[in-house]
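Novice: Structure of the sequence below:
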Amino acid sequence: MNLHFEPVLPANRREVERLQTLPEQAGFIESVRDCLTEADEYPEWKPVGIYDDELLVGFAMYGYFADLQPEGEVWLDRLLIDRKYQKKGYGKAAVLALLERLRREYGKDQIYLSVYDNNTAAIAMYQQLGFHFNGKCDAKGEKIMVHTEN
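Specialist: Sure thing, here's the model as predicted:
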């Protein structure tokens, strides 16, 4: 596995927009098209394609929000591995690589994300990777998790 992230640009946008989750994951994440529309409106968001060499396997969106807390917050807000590539280790590998990238890019110890209560597979993966619930919810009612660099 040789994961890397590429910005979503006009050249790869259509391919990224075609990524899909499994039917039982409906509602856990917005469509990639909706995510990209949001990123078009809010420059804080950075959408990226997740690639294994040249193969597009997923999508992520992250950003830094200076207006949250006194020192700002870094959010790994969206993560999607295409239905064809799930259960192959891409999700865990992508989160670990994104944690490293976000810490390097923003210099922050804490990385936030939010997840619905019934997304038990994602919760288990995030907990295995060191995320924990902080007792708060976001504006959509998702529970907030945080990963703190030791």
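Novice: Sheet partners, orientation included, of the longest strand anywhere in the chain?
Specialist: In the chain, with assignment by DSSP state E, the single longest strand is strand 55-65. Applying DSSP bridges, strand 55-65 is found paired with strand 45-52 (antiparallel), strand 73-81 (antiparallel).
Novice: ok, residues contacting that strand?
Specialist: Strand 55-65 is contacted by residues 5, 8, 12, 15-16, 19, 32, 35, 38-39, 42, 44-51, 72-82, 85, 90-91, 94, 98, 102, 106, 108 when judged by C-beta atoms under 8 Å, 6 or more residues apart in numbering. Just so you know, the C-beta spots here come from the backbone N, C-alpha and C atoms, and that holds for glycine as well.
Novice: thinking Lys46 is in contact with Glu6, fair?
Specialist: No - using C-beta atoms under 8 Å, Lys46 is not in contact with Glu6, being 11.3 Å away.
Novice: Those two - which one has more neighbours?
Specialist: The neighbour count for Lys46 versus Glu6, taken as other C-beta atoms under 10 Å, is higher for Lys46 (18 against 13).
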